[in-house]
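Peer 1: Model the structure of this input:
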Amino acid sequence: MTIRKVRTEDAVGMIIGHDLSKIVPGEYKGPLFKKGHVICDEDIPHLKNIGKDHIYLIDLLPGQMHENDAIARIAQAVAGENVLLTEPSEGRINIKAQIDGLLKVNRHAVTAINTVENAVVSTRHDNILVKRGDLLAGIKVVPLVVDKTVVLSVENIADQYTGIISVKPLRNLKVGAIITGNEVYYGRIKDRYAPVFADKVASYGATMVDIVFQPDDRDRIRDSIMEFKKRGMDVIIATGGMSVDPDDVTPDAIRATGAQVVTYGTPVLPGAMFMLAYHGDTVIMGMPGCGMYAKITVFDFVFPRVLAGEWLSKLDFASMGYGGLCLNCKPCTYPVCPFGK
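Peer 2: Residues are numbered from 1 along each chain as shown. As a prediction, the model looks like this:
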């Protein structure tokens, strides 16, 4: 790369080779002139006001790329399904959500790309819900001009993965809930779980088809699960009776259906006594009492992924331990907090 330095007053008619930014603290930060702009007489005082007494013209050497061309290729390399790319501005391309859904970021791929000298891929956390138009990632290169080998290295890494940054749509699944516990079933106390879970399920765009009540009876809870499955429920949630007390039989009831248990217990607080199992294509969850009083629990980590069509493994749950401690902040700002990250 060669750079020619030209007095601003002598730059009329010349083409700007990169975005020139204007910053007014607390008011504005953005491009004053974008790459490709032809300088005219009226531009001179504005350029002077942002400290540009000289304009630098860039001549690329063989094997070099301008930042805008480099980031365009890097952004294309990491972009997966249901995302869109902005135009380059101030040496950056943003990746945004094209639909509402679950953000998926391949952390290993992002780390590998950021080991390439001068490449920058900055993302949001994986497995969070996003809305259409939300910012997901920013793509940059450090200098104004980079060797093409930088881009080729990033593309070679991206070729080893599929959809490094993508958004999965959420399905409107049918949900059945079983509220367990002698104290509720026999009317000793008023149930508070059903309305909480009905609202929670609806907030994720799923449909709560039915809620039934059962005492602490393994066979009756098991039969309710199987009846819901027969009725075509996609997700069945059995709430309560999940601790280690002898009369807490919900885990035994789930096992008695013949379902394949992925985990009983998670490294997430609140939510340590959570159970996830699969009975064919049906997802069965055993939800502890924390779901009744805690705003965010392990359920909020798992349910969106189920709606996105993912099948979770024991390793998925093991990885939730890092960042799995809720600090019970007042007010709660989830998901803009460290919980689940």
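Peer 1: Around residue 277, how many other residues sit close by?
Peer 2: Neighbour count for residue 277, taken as other Cβ atoms under 10 Å: 22. C-beta here means a position set from N, CA and C on the backbone, and glycine is covered the same way.
Peer 1: Tell me how far residue 184 lies from residue 190.
Peer 2: Counting by Cβ to Cβ, to the nearest Å, the gap between residue 184 and residue 190 amounts to 8 Å.
Peer 1: Compare neighbour counts for those two and give me the winner.
Peer 2: Legend: neighbour count by other Cβ under 10 Å for residue 184 and residue 190, higher for residue 184 (20 against 7).
Peer 1: following the helix or strand that contains the more buried one, which helix or strand comes up?
Peer 2: Element membership for residue 184, per DSSP states H and E: helix 182-185. Counting by DSSP H and E, the next helix or strand C-terminal to helix 182-185 is helix 193-203.
Peer 1: how about the helices in the stretch 1-150 of the chain?
Peer 2: Shown for the stretch 1-150 of the chain, the helices assigned by DSSP state H, counting those that start in this stretch span residues 43-49, 67-78, 107-113, 148-158.
Peer 1: how does this structure divide into domains?
Peer 2: 2-59, 64-167, 174-319 (automatic domain parsing).
Peer 1: Reformat these as CSV; add mean pLDDT and distance to residue 326.
Peer 2: Listed next are those as CSV, based on pLDDT from 0 to 100; distance: least, Cβ to Cβ, whole Å:
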stretch, mean pLDDT, distance to residue 326
domain 2-59, 75, 35
domain 64-167, 96, 15
domain 174-319, 95, 6
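Peer 1: can you tell me which of those comes nearest to residue 327?
Peer 2: domain 174-319 (10.0 Å; Cβ to Cβ).
Peer 1: mind checking the end-to-end distance for the closest one?
Peer 2: Its start and end residues considered, domain 174-319 measures 28 Å (Cα to Cα, to the nearest Å).
Peer 1: how far does that domain sit from the chain's center?
Peer 2: On the basis of Cα atoms, centre = their mean, to the nearest Å, domain 174-319 sits 24 Å off its chain's mean C-alpha point.
Peer 1: all numbers from here: first residue = 3
Peer 2: In the new count, where the first residue is 3, that last one comes out as domain 176-321.
Peer 1: how long is stretch 198-211 from one end to the other?
Peer 2: Using Cα to Cα, first and last residues of stretch 198-211 are 15 Å apart.
Peer 1: Show me what the helix holding residue 186 is in contact with.
Peer 2: Here helix 184-187 makes contact (Cβ atoms under 8 Å, 6 or more residues apart in numbering) with 190-193, 195, 215-218, 242, 249.
Peer 1: Could you check how far residue 82 is from residue 326?
Peer 2: In terms of Cβ to Cβ, residue 82 sits 26 Å off from residue 326.
Peer 1: Between these two, tell me which one has more neighbours.
Peer 2: Using other Cβ under 10 Å, the more surrounded residue of residue 82 and residue 326 is residue 326, with 21 against 17.
Peer 1: That one: what's it in contact with?
Peer 2: Residue 326 neighbours (Cβ under 8 Å, 6+ apart): 268-271, 300, 341-342.
Peer 1: which among those residues gets closest to residue 130?
Peer 2: Nearest to residue 130 among the contacts of residue 326 is residue 342, at 8.1 Å by Cβ to Cβ.
Peer 1: Shouldn't that closest one be within a strand?
Peer 2: No - counting by DSSP: H, G, I helix; E, B strand; the rest coil, residue 342 is not part of a strand but coil.
Peer 1: Which stretches in the stretch 153-302 of the chain count as helices?
Peer 2: For the stretch 153-302 of the chain, helices defined by DSSP H, counting those that start in this stretch occupy the ranges 184-187, 195-205, 220-232, 252-258, 292-295, 301-309.
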